[in-house]
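sequence plus the predicted model coming up.
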Amino acid sequence: MSRFVKRSLLPVDAATAFAWHERPGALARLTPPWERVEVVKAPIGIAPGTRVELRMQIGPIAKRWVAEHTRYVPGSEFQDVQVSGPFAKFEHTHRILPRDATSSWLEDEIDYALPGGWLGQSLGGAYVREQLQRMFRYRHATTAADLTAHQRESTTMKILVTGASGLVGTSLSAFLTTGGHEVLRLTRSAPRDANDISWNPESGTIDPVRLDGLDAVVHLAGENIAGARWSAAVKQRIRDSRVKGTRMLCEALARLARPPKTLICASAIGFYGNRGEEVLREGSPAGTGYLADVCREWEEACAPARSAGIRVVNLRIGVVLSAKGGALQKMLFPFKMGGGGVIGSGKQYWSWVAIDDVVGAIHHCLQHEEISGPVNATAPQPSTNLEFTKILGKVLHRPTVIPMPGFAARIALGEMATDLLLSSARVVPETLERSGYQFRCPSLEGALRHELGL
C-alpha cells in the first residue's frame, strides 16, 4: 500500500472552498488537460453513494474507472473510492481545513495499491507517483486561482453561453458554475436537461421566453475555422456561422422585454490581418483578407444588441493554448516525435493565450461594466513562430530542427496556411491590462508547462 499527500493554502475560508467542490463543474475544472479522460457519467453532488464514471486512455488501452463517494463530512471532508479501474485499490480523501477567517488548507490524501503486488509496484510505482504529483500540482493551482477570481465578484449571475460544448465553452461553463453562477446553454442539438435551450441559426428559430431575464450572454458559437481545407463552400459556412448566427441572436436579444445587460461576443485577432511587426492594439484598424473581413462583419453583426442598450464586448481571441484541443493539441504529436520546426520564415508573430486566460478575460469583462467594444484576448508577450517553436521544444525536451517551408504549408493546407500559420499579428491586450486583469499565464513557457504538466 502506498500513500500520496498534497497540501496547499487556499485564499478563502473553508466553507467557501468546500462549496466550490460541491458545485457542478468542479470535476471538469480539476481534470488535467493532458489526461485523455472522458466523463461518461458525472455525479450530482458528492454525497455518499453518488458515482462518477470515466473512460481513460492508458497508452493504446481504453480503461473504465468508476469511483463512488463514501465518507462525507459537510464543510470539511469527503472521500471517493475506486469501484473498478486501473488500481488494485484507490481511496481518495479530500480535506478542507480551516486556517483563519480568510484562508484554509486544501489536502488530498490518496491510499493506493497497484495491480500485480510487489512486481507491479516495482515496475510502475515511480511512474504513478510522478503522475500523481503532476496531477495534483495542476489541481491545487487551478483551485486556488479559480477561488481567487471568484472572490472578486460582487454578485452571481444568470448567464447564457453559446458554443458551450466547444473548447472554450466547456472550460468557461465549468468555471462559472463552480463560482455559483447559473449557466444556460444555447444548443442546436436536442436539449439534454433543463438548462439547455434550442436554437437554429440557419432557420432563425429561437425561444424568446427562455432568453428573458438573463444577466449576460457569452456568444462563442461558430464553425471550426481549421476543421477542413478551405473551399468556397467551407469559407461561406465559416462566415455564415459567425455573421448570420450573431445577427440572429442579437436581434432576438434586442426584442426582449428584459434584455441582458451584457453580451460578450467572440471575435478573433484575424481582424487585424497580416501586419508584420506592427504592434496592434484595440484601436488599430482592420486588416485585409478573408479572415479580417469575416471578423469585421462578425463584430458589426452585434449592432442590434448595441442599439438596444446592451453592453457589447467583442473579444478578439488569439491562438488558444490547450492540451485538450486547438493548435497546441495538433502540434504535440509531431513535436514529441522530434518532427517540430519553424513554419515559413519563423518571423511571423503568433499572438497566443492560455485557455484559462480566455476564460479569465471573459469573466473579467462580465464583472467590469466599464469595458465595452473590442478587447484583445491575448497574452501580454506575443511570440514569433521561431520563439514559440524553440520554447515548445524546450518544454517537451525535443529537438526542433525540421522546418516547414511556406510553400510546403500552402501545398498541404492551401489558403488556410497563409491566414493561420504564415500571417503575422503582434497583438497586445491593452484594454485588459489597463482595467486591472491579472494574467494567470503571462509567459509562453509557463503557459505550456501548466497545460502539459511539465
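That came through, no problem. Numbers count the residues shown, from 1 in each chain.

what does the model give Asp80 for pLDDT?
Reading off the per-residue confidence, Asp80 sits at a pLDDT of 95.

quick one: it from Asp108, how far?
With distances taken as CB to CB, to the nearest Å, Asp80 is found 11 Å from Asp108. Where you see a C-beta, it was placed from the backbone N, CA and C, and this is true even at glycine.

the longest helix along the chain: what's the following helix or strand?
For the chain, the helix with the greatest residue count under DSSP state H is helix 117-151. Where DSSP states H and E defines the elements, the next helix or strand beyond helix 117-151 is strand 158-162.

strand partners (parallel or antiparallel) of that following strand?
Using DSSP bridges, the strands paired with strand 158-162 in its sheet are strand 182-187 (parallel), strand 216-219 (parallel).

returning to that earlier point: now do the shared contacts for Asp80 and Asp108.
Residues within reach of Asp80 and of Asp108 at once, by CB atoms under 8 Å, 6 or more residues apart in numbering, are 92, 94.

between these two, who's got more neighbours?
It is Asp80, of Asp80 and Asp108, that has more neighbours when counted by other CB atoms under 10 Å, with 22 against 18.

before we move on, the earlier item: so what secondary structure elements neighbour the longest helix of the chain?
Secondary-structure packing of helix 117-151 (3 or more CB pairs under 8 Å, 6 or more residues apart in numbering; DSSP states H and E): strand 2-10, helix 14-22, helix 26-30, strand 103-113, helix 167-178, helix 355-367.

tell me which residues of the helix or strand following the shortest one are tucked away?
Put plainly, it is helix 26-30. Remark: after helix 26-30, the chain's next helix or strand is strand 37-41, criterion DSSP H and E. In terms of neighbour count (16 or more other CB atoms under 10 Å), strand 37-41 has its buried residues at Val37.

please identify the most buried of the strands paired with strand 158-162.
Of these, the one with the most neighbours on average (mean count of other CB atoms under 10 Å) is strand 216-219, at a mean of 26.

what does that one rub up against?
In this structure, residues lying in contact with strand 216-219 by CB under 8 Å, 6+ apart are 157-163, 172, 246, 249, 253, 260-266, 362, 366.

adding mean pLDDT and distance to Asp357, write the strands paired with strand 158-162 out as a markdown table.
What follows is the strands paired with strand 158-162, written out as a markdown table (pLDDT from 0 to 100; distance: least, CB to CB, whole Å):
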| stretch | mean pLDDT | distance to Asp357 |
| --- | --- | --- |
| strand 182-187 | 94 | 20 |
| strand 216-219 | 98 | 15 |
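
next, format these as a markdown table and append distance to Tyr138.
Putting the strands paired with strand 158-162 into a markdown table (distance: least, CB to CB, whole Å) gives the following:
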| stretch | distance to Tyr138 |
| --- | --- |
| strand 182-187 | 23 |
| strand 216-219 | 25 |
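
out of those strands, nearest to Ile411?
strand 216-219 (35.4 Å; CB to CB).

got the CA coordinates for that closest one in CSV?
In CSV, the C-alpha atoms belonging to strand 216-219 read as follows (Å, rounded to 0.1, in the frame of the first residue of the first chain):
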residue,chain,number,x,y,z
ALA,A,216,-25.4,38.2,-19.6
VAL,A,217,-24.8,36.3,-22.8
VAL,A,218,-21.4,34.8,-23.9
HIS,A,219,-21.6,34.0,-27.6
